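Peer 1: Build me a structure from this.
(one chain, ligands or ions: 2)
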Amino acid sequence: MMPAEFIIGAARPEQFPAEALPEIAFLGRSNVGKSSLINALVNKKGLARTSATPGCTQAIQFYRVDGRWQFVDLPGYGYARAPLTQVNAWKSLIDSYLTTRKVLQLCLLLLDARRGWMESDEQLREWLEHWERPYMVVATKFDKLKTQSERVRTLAALRATKPDQEPMTFSAVTGQGAREIWQAISRTKIHKP
Ligand SMILES: Nc1nc2c(ncn2[C@@H]2O[C@H](COP(=O)(O)OP(=O)(O)OP(=O)(O)O)[C@@H](O)[C@H]2O)c(=O)[nH]1
Ligand SMILES: [Mg+2]
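Peer 2: Ligands and ions are numbered 1, 2, ... in the order given. Model (predicted):
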C-alpha cells in the first residue's frame, strides 16, 4: 500500500487546492471506472468512492499520493439521464480545471473496453488536443472481454482512433495493467510550477 490521502472535493474552481505537486487527471464517462482505477493504483480500497450508479463522483476529487503526485478524479460525463443543468455545471468545472491548471502533467482518458470510443469521448479527445494536454488512453473493465478475438478486436478499434500510441488496458478485478499505468505515470516529466 502506498501513502495516499484525500485532500478536497472541489465543486468550484476557487476550491482547487494549491498547485503543489504534479497532477495526474482521470477522465472518462460516468461509470467507466475512474475511481476504481485510482484505488487500484494506490492499492487502497475505499480511498475514492466507487458506485454502480453512474454519476457517483460529482465534484473534482483531489488525492495526494506517495508525497509525489496529486491524483485528480474528475466527475464522469456522458450519463444520458443527467439533467442539463448538471451537464453544464460539469462542463464549466472541467473546462476551468483543464484550461488553467499549470501542474497538470498527464490525463488518463478512460474508455470502457466493451464500448470503445463514444461521441463524448471523441469530444473530450479533441478538446485535450486543442489545449495540448498530454493524454493516454486506458481501456477499463478488460476482464469483461472473455475471448481472445474480442480483446484483439477491441485493441484494434482503439488504435484506429489514436494510432500514435498503444492503448493501455486495465481491470480493477484482476489488477491487470496497473503496473504499466504506473510506469506511464512515472515517466511523465516532473514540472516545476
Ligand atoms: N468488472 C469490472 N467492473 C469494474 C471495473 N472497474 C470498475 N468497475 C465497476 O464499475 C462501476 C463504476 O466504477 P467507478 O470506479 O465508481 O466508476 P467512475 O468512473 O468513478 O464513475 P463516476 O464517478 O460515476 O463517474 C462499479 O460498480 C465498479 O465496481 C473493472 O475493471 N472490471
Ligand atoms: Mg467516480
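Peer 1: for ligand 1, what are the nearby residues on this protein?
Peer 2: 28, 30-36, 50-52, 54-57, 75-76, 140-141, 143-144, 171-173 (Cβ under 6 Å from any ligand atom). Bear in mind the C-beta positions are built from the backbone N, C-alpha and C, glycine included.
Peer 1: tell me which helix or strand of the protein sits lowest on mean pLDDT?
Peer 2: helix 84-100 (a mean of 87; mean pLDDT, DSSP states H and E).
Peer 1: just checking, what packs against that helix?
Peer 2: strand 23-28, strand 60-65, strand 104-112 (3 or more Cβ pairs under 8 Å, 6 or more residues apart in numbering; DSSP states H and E).
Peer 1: that older thread, list buried residues within the residues of the chain next to ligand 1.
Peer 2: 28, 30-36, 50, 54-57, 75-76, 140-141, 171-172 (16 or more other Cβ atoms under 10 Å).
Peer 1: for the chain, what spans make up the helices?
Peer 2: For the chain, the helices defined by DSSP state H cover 34-42, 84-100, 119-130, 148-161, 178-187.
Peer 1: Let me know which of those helices is tucked in deepest.
Peer 2: helix 34-42 (a mean of 24; mean count of other Cβ atoms under 10 Å).
Peer 1: Would you check how far apart the residue in the chain that ligand 1 sits nearest to and Val32 are?
Peer 2: Across the chain, the shortest distance to ligand 1 (Cβ to the nearest ligand atom) belongs to Gly76, at 2.4 Å. To Val32, Gly76 is 7 Å away according to Cβ to Cβ, to the nearest Å.
Peer 1: With Ala59 instead?
Peer 2: Ala59 is 18 Å from Val32, by Cβ to Cβ.
Peer 1: which of the helices of the chain has the lowest average pLDDT?
Peer 2: Sorting the helices of the chain by mean pLDDT places helix 84-100 lowest, at a mean of 87.
Peer 1: got the contact list for that one?
Peer 2: Residues outside helix 84-100 that contact it (Cβ atoms under 8 Å, 6 or more residues apart in numbering) are 10-13, 16, 25, 27, 55, 59-60, 72, 74-75, 77, 82, 104, 107, 127-128, 131, 133.
Peer 1: Between strand 60-65 and that helix, find me the angle.
Peer 2: Relative orientation of helix 84-100 and strand 60-65, computed by axes from the mean of the first three to the mean of the last three Cα atoms, to 10 degrees: 40 degrees.
Peer 1: So helix 84-100, near ligand 2 or not?
Peer 2: No - with Cβ under 5 Å from the ion as the criterion, ligand 2 is not reached by helix 84-100; the gap is at least 12.6 Å.
Peer 1: Put the alpha carbons of that helix into CSV.
Peer 2: What follows is helix 84-100, C-alpha atoms only, in CSV (Å, rounded to 0.1, in the frame of the first residue of the first chain):
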residue,chain,number,x,y,z
LEU,A,84,-28.9,19.5,-18.4
THR,A,85,-28.0,21.9,-15.5
GLN,A,86,-25.7,19.2,-14.2
VAL,A,87,-24.2,18.6,-17.6
ASN,A,88,-23.4,22.3,-17.9
ALA,A,89,-22.0,22.5,-14.4
TRP,A,90,-19.8,19.6,-15.2
LYS,A,91,-18.6,21.2,-18.4
SER,A,92,-17.6,24.5,-16.8
LEU,A,93,-15.9,22.9,-13.9
ILE,A,94,-13.8,20.6,-16.1
ASP,A,95,-13.2,23.4,-18.5
SER,A,96,-11.7,25.6,-15.8
TYR,A,97,-9.6,22.7,-14.5
LEU,A,98,-8.2,21.6,-17.8
THR,A,99,-7.6,25.1,-19.1
THR,A,100,-6.0,26.7,-16.1
